[in-house]
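**Q** no sequence on this one, just coordinates:
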């Protein structure tokens, strides 16, 4: 049995010679220290949809499925960029341990993938990141949101020759509000947007990205982060206070 430290796993997913690795977030790798890297940790099924290698890809799928898509894309000369930003804690609102396990399981596969220095980026997100279903006092609130600064600017992407983006989703072709703030900026730099539902194969081309609420407002980030909890180790996550008295106050 082989073992990988958190540093080893993070290094496998980030390429020193590919600029897009600079945007990778280390949060999901923190809990992977000294985890066995073997066949007992299954990687989600490979992505088989046809994609234009000249397009920037945004993978917005549930947890480990996003990791599996990233590993498959790496073998097709995309640079997978993990942007998972929710930490792990007791009784979490968003289950994230499967993401860490998948990152480990796919680590060697990604390390060996023939990713070139000019590969297009594939940004990996967890589509469950803002799920409120399990919110309750005493739970560990690790919901998170993506902001425009989490991605390269449209100007930088355009300067590298990219003019289109593909958004991979499950169960629909809608664009989440936080991602709309990113994609609308890219559209201003001449990008066209294609959305693919990986569950049905349904595709929408030349999608019009609606101008999101508070678009380009200086205080948008502050508003977007309201109600979310920053973690002291980076990323998002903190315990929701328990109710302490009958008046409804929290400790």
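**A** Perfect, I can see it now. Because the structure is a prediction, the values reported are computed rather than measured.

**Q** what helix or strand is residue 233 on?
**A** Per DSSP states H and E, residue 233 falls between elements, in no helix or strand.

**Q** what about residue 193, which SS state?
**A** strand (DSSP: H, G, I helix; E, B strand; the rest coil).

**Q** tell me how far it lies from residue 227.
**A** Per Cβ to Cβ, to the nearest Å, residue 193 is found 28 Å from residue 227. C-betas here are computed from N, CA, C, even on glycine.

**Q** please apply the same query to residue 75.
**A** Residue 75 is 39 Å from residue 227, by Cβ to Cβ.

**Q** go on, residue 18?
**A** Going from residue 18 to residue 227 by Cβ to Cβ gives 35 Å.

**Q** looking at these two, which one has more neighbours?
**A** residue 18 (17 against 12; other Cβ atoms under 10 Å).

**Q** need the pLDDT of the more buried one.
**A** As predicted, residue 18 sits at a pLDDT of 95.

**Q** next one, pLDDT for the closest residue in space to it that isn't next to it in sequence please.
**A** Nearest residue to residue 18, sequence neighbours excluded (Cβ to Cβ, 6 or more residues apart in numbering): residue 79, at 4.7 Å. Here the pLDDT value assigned to residue 79 is 97.

**Q** please apply the same query to residue 36.
**A** You'll see residue 36 listed with a pLDDT of 55.

**Q** low-confidence bits of the stretch 151-251 of the chain, can you list those?
**A** Scanning the stretch 151-251 of the chain for pLDDT under 70 picks out 243-251.

**Q** show me the strands in it, by range?
**A** Secondary structure of the stretch 151-251 of the chain (DSSP state E, counting those that start in this stretch): strands at 164-169, 192-197, 203-204, 238-239.

**Q** reformat the ones you listed as a markdown table; add mean neighbour count and distance to residue 232.
**A** As requested, these are exported to a markdown table (neighbours: other Cβ atoms under 10 Å; distance: least, Cβ to Cβ, whole Å):
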| stretch | mean neighbour count | distance to residue 232 |
| --- | --- | --- |
| strand 164-169 | 23 | 32 |
| strand 192-197 | 20 | 36 |
| strand 203-204 | 14 | 41 |
| strand 238-239 | 15 | 8 |
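
**Q** could you redo the ones you listed as CSV and give each row distance to residue 130?
**A** Putting the strands of the stretch 151-251 of the chain into CSV (distance: least, Cβ to Cβ, whole Å) gives the following:
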stretch, distance to residue 130
strand 164-169, 14
strand 192-197, 18
strand 203-204, 22
strand 238-239, 16
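
**Q** ok, residue 57 - contacts?
**A** 51, 73, 78, 120, 121, 122, 123, 165, 166, 167, 168 (Cβ atoms under 8 Å, 6 or more residues apart in numbering).

**Q** surely it is within a strand?
**A** Yes - under three-state DSSP, residue 57 falls within a strand.

**Q** measure it to residue 211 for me?
**A** If you measure residue 57 against residue 211 using Cβ to Cβ, the figure is 23 Å.

**Q** with residue 130 instead?
**A** Separation of residue 130 from residue 211 (Cβ to Cβ): 20 Å.

**Q** same check, this time on residue 149
**A** In terms of Cβ to Cβ, residue 149 sits 19 Å off from residue 211.

**Q** where does the residue nearest the centre of the chain land in three-state SS?
**A** What sits nearest the mean C-alpha location of the chain, by Cα atoms, centre = their mean, is residue 125, with 1.8 Å. Using three-state DSSP, the structure places residue 125 in strand.

**Q** ok, and what's touching the strand or helix carrying the residue nearest to residue 18?
**A** Taking DSSP H and E as the definition, residue 79 sits inside strand 78-82. Contacts with strand 78-82, where a contact means Cβ under 8 Å, 6+ apart, come from 13, 15, 18, 20-21, 23-25, 28-29, 53, 57, 67, 70-71, 73-74, 103, 110, 115, 119-124.
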